[in-house]
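>>> Sequence and predicted model, in that order:
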Amino acid sequence: MAHWILKSEPDVYPWDQMVRDGITPWDGVRNYQARNFMKQMAVGDLAFFYHSGAQRCIVGWVSVFRPYYPDVQDPSFGNVDVQVVAALPRPVTLAMLKADPILSTIAMVKQSRLSVSPLREADFHHIQHLGGAGG
């Protein structure tokens, strides 16, 4: 199982909408490196849901429900479907990620514009712990 961070603008697709939908396509990614990460995703992989923009925090996590498939609007890109797993009891902010020596080198911190990025399993559990979800 692999681990990821997926970024969404809260005014475009917020966590509350993800919870209401239950399962949704993760679409609209138009960066080749992010697309290539999405191609690596497998059913059951876990991904944090990160609110970008003004909020800049991880608010919950999802699992990959359907692996990569072509986007009908632009077949050179694609989507994965994700399913809600749980909300974090407390958000983990970008400032917390940057300040934590364990997490300061994760891809999302180093490449802040990347909307999909990988995480090591240990980092995933550490972020869960910071957010009050154990791990």
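That came through, no problem. Numbering: from 1, shown residues only.

>>> Look at residue 80 and say how many residues are nearby.
Neighbourhood size, residue 80 [other C-beta atoms under 10 Å]: 27. Every C-beta, even on glycine, is put in place using the N, C-alpha and C of the backbone.

>>> close enough to count as contact, it and residue 63?
No: look at residue 80 against residue 63 with C-beta atoms under 8 Å: they stay out of range, at 10.3 Å.

>>> mind listing what's buried in the lowest-mean-pLDDT helix or strand in the chain?
Within the chain, confidence by mean pLDDT, DSSP states H and E is lowest for helix 107-110 among all helices and strands, at a mean of 89. Of all the residues in helix 107-110, those buried under the rule 16 or more other C-beta atoms under 10 Å are 107-108.

>>> ditto for stretch 11-26
13-15, 18, 24, 26.

>>> Would you mind pulling the contact partners of it?
Applying C-beta atoms under 8 Å, 6 or more residues apart in numbering, the contact partners of stretch 11-26 are 6, 8, 38, 49, 51, 53, 59-60, 62, 65, 79-84, 87, 116.

>>> Can you select the buried ones from these in ChimeraX?
Only the buried entries of the contacts of stretch 11-26 go into this ChimeraX selection, using 16+ other C-beta under 10 Å:
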select :6,8,38,49,51,59,60,62,65,79,80,81,82,84,87,116
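
>>> who are the neighbours in contact with residue 85?
46, 60-63.
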